[in-house]
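Colleague: Got a sequence here, can you build the structure:
(2 chains, ligands or ions: 2)
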Number of protein chains: 2
Amino acid sequence: MAYHLLQRDHEGAQRLASSLDYALQHIRHCEKCNNFTEEVVCELCRSHHRDAALLCVVEMPADLLMMEQAHCYKGMYFVLMGRLSPLDGIGPREIHLDRLLKRTQDGLVKEVVLATNFTVEGEATAHYIGELLHDKGLKITRIARGLPVGGELEHVDSGTLAQAVIERREM
Amino acid sequence: MAYHLLQRDHEGAQRLASSLDYALQHIRHCEKCNNFTEEVVCELCRSHHRDAALLCVVEMPADLLMMEQAHCYKGMYFVLMGRLSPLDGIGPREIHLDRLLKRTQDGLVKEVVLATNFTVEGEATAHYIGELLHDKGLKITRIARGLPVGGELEHVDSGTLAQAVIERREM
Ligand SMILES: [Zn+2]
Ligand SMILES: [Zn+2]
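Modeller: Ligands and ions are numbered 1, 2, ... in the order given. Next comes the predicted model:
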C-alpha cells in the first residue's frame, strides 16, 4: 500500500501520514474499558444510559463494534486488545488482566460476560478470566454456543450440534 | 432420472423398481419413534443401551442421523416427519403430535429435548410442542442457539450474536 501511495498518490500519502501522526499523538487507551479513545475515559464509559452492573469482556475493538451492532447489550465493556497465547509470548500481563480485575472491583459490576471468541485461544482466555474472578462475588457468564439463528441440524458441524445439545436450555 | 435409466440403463431401472417395490411393501413407521423401519418397533427403540428418560424430537430422519453422528446424545427419539406449516396444510395432526403426546406418557420419559431446526417453522413447531407438553410433569428443553464451535464474533451475523448474549450461561 505504501509503495502504491508513494508512486501514484502523493497527496493520499501525505494525508495518511498526517492521520497516523495525529493518531499516534492523540489516540490512547480508555482508562476504564481499554478501548482506543482520544480522551482519558471514552464516551461509552462516560454514558449514563448504560448498565454499570454488566461488564462484557471482548478480545478486540472490532468485537465491541459487533456487539454494539447486534443491539443486544447495554452494559459496559473491557477490551483485552488480544487473547492469551503463551507460544506468542502473550500472557495475562499483555492482555491487561490486572486492570480487568481492578475494573470489576468498582462496587457496581455484578456480572462479567465473557465474549471472547470460541477459538482455542479465546476459550483458554475465558477460562483463565473465569478462574481469576472466581470467589470475587461476581456472576461470571459466557456467551452461548449452538446453532445459528435460522440454522438447520443438517447444515451444522457435529461439534456445534453436540454443544447445542449439551448446552440445551429449559423452556 | 427415470428417463436416463430407461434410455441407458435398463438393468439399473429394474433394480430401482425392485427396491422401490420392496420398500413400499416392507418399510413402515416405527410405533415408538415414527422413524422408517422394517419392523414394528425399530432397533434403536428396542435398544437397552439408551436412556429411556430422554426423548429427542426431530423433524426428519436425516436430523436423527445428524444427532447420532454428533455422538452427544444417548436417549430415545421421536421423528415428526415434517414441521408445522399451516400455509402448506401441515398441522398438528400431520406431524403426529397426538402420537408424540402419548409417547411421552410412558412413565419413563422425564425430559423432552426439542431439536427442530431454528427456521421460522422449526421454531413455531418447538413452541407448539412446548405448550402441548406443558403441565405434563416433563422437563422441556430446547437445543442451544449461539456461536459455532471455533466461531469468532467478527464472523457471525448480528442475530446469532444477539441470541448468544441473551442465552449466555453461568460458568
Ligand atoms: Zn472506555
Ligand atoms: Zn423407533
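Colleague: CA atoms for contacts and neighbours, from now on please.
Modeller: Fine.
Colleague: longest strand anywhere in chain A?
Modeller: Longest strand in chain A by number of residues, with DSSP state E as the criterion: strand A:51-58.
Colleague: Sheet partners, orientation included, of that one?
Modeller: Using DSSP bridges, the strands paired with strand A:51-58 in its sheet are strand A:75-79 (parallel), strand A:111-114 (parallel).
Colleague: Compute the number of surrounding residues for the residue lying closest to residue A:70 once chain neighbours are set aside.
Modeller: Spatially, and ignoring its direct neighbours in sequence, residue A:70 is nearest to residue B:158 (4.5 Å; Cα to Cα, 6 or more residues apart in numbering or on different chains). Using other Cα atoms under 10 Å in any protein chain shown, residue B:158 has 19 other residues around it.
Colleague: ok, residue B:158 touching residue A:73?
Modeller: No: contact criterion Cα atoms under 8 Å: residue B:158 and residue A:73 do not qualify, at 11.7 Å.
Colleague: what touches both of these two?
Modeller: Shared contacts of residue B:158 and residue A:73 (Cα atoms under 8 Å, 6 or more residues apart in numbering or on different chains): residue A:67.
Colleague: who touches the residue sitting nearest the centre point of chain A in this structure?
Modeller: Central residue of chain A (Cα atoms, centre = their mean): residue A:58, 1.5 Å from the mean position. Counting by Cα under 8 Å, 6+ apart, residue A:58 touches A:64, A:77-80, A:114-116.
Colleague: could I get these as TSV with pLDDT, distance to residue B:129 and neighbour count?
Modeller: What follows is those, written out as TSV (pLDDT from 0 to 100; distance: Cα to Cα, whole Å; neighbours: other Cα atoms under 10 Å in any protein chain shown):
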residue	pLDDT	distance to residue B:129	neighbour count
A:64	97	37	21
A:77	98	38	25
A:78	98	41	29
A:79	98	42	26
A:80	97	43	24
A:114	98	33	29
A:115	98	32	27
A:116	97	34	27
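Colleague: Out of those residues, which is nearest to residue A:22?
Modeller: Proximity to residue A:22 was ranked across the contacts of residue A:58 by Cα to Cα; first place goes to residue A:79, at 22.3 Å.
Colleague: these two touch, right, that closest one and residue A:35?
Modeller: Yes: counting by Cα under 8 Å, residue A:79 does reach residue A:35; the two are 5.6 Å apart.
Colleague: what's the overlap in contacts for these two?
Modeller: Residues touching both residue A:79 and residue A:35 (Cα under 8 Å, 6+ apart) are residue A:61.
Colleague: on that earlier part again, kindly state the beta-bridge partners for the residue nearest to the centre of chain A.
Modeller: Residue A:58 has these beta-bridge partners by DSSP bridges: residue A:79.
Colleague: so how far is ligand 1 from it?
Modeller: Using Cα to the ion, to the nearest Å, residue A:58 is found at 13 Å from ligand 1.
Colleague: how near is that residue to residue B:153?
Modeller: 9 Å (Cα to Cα, to the nearest Å).
Colleague: Mutual contacts of these two, please.
Modeller: Residues touching both residue A:58 and residue B:153 by Cα under 8 Å, 6+ apart: residue A:116.
Colleague: how far does the helix or strand bottoming out on mean pLDDT in chain A sit from the chain's center?
Modeller: Counting by mean pLDDT, DSSP states H and E, chain A has its least confident helix or strand at helix A:2-8, which shows a mean of 75. Chain-centre distance of helix A:2-8: 34 Å, with Cα atoms, centre = their mean, to the nearest Å.
Colleague: Quick one: list the elements packing against it.
Modeller: Packing partners of helix A:2-8 (3 or more Cα pairs under 8 Å, 6 or more residues apart in numbering or on different chains; DSSP states H and E): helix A:10-26.
Colleague: residue contacts, the residue lying closest to residue A:143 once chain neighbours are set aside?
Modeller: Nearest residue to residue A:143 in three dimensions, chain neighbours excluded: residue B:168, at 4.1 Å (Cα to Cα, 6+ apart). If you count contacts by Cα under 8 Å, 6+ apart, residue B:168 has them with A:113, A:141-144.
Colleague: And the contacts of stretch A:135-149?
Modeller: For stretch A:135-149, the surrounding residues in contact (Cα under 8 Å, 6+ apart) are A:109-115, A:126, A:130, A:133-134, A:153, A:156, A:160-161, A:163-164, A:167, B:118-119, B:143-149, B:159-160, B:163-171.
Colleague: Next step: the residues you listed restricted to strands.
Modeller: Of the contacts of stretch A:135-149, the ones assigned to strands by DSSP E are A:111-114, B:169-170.
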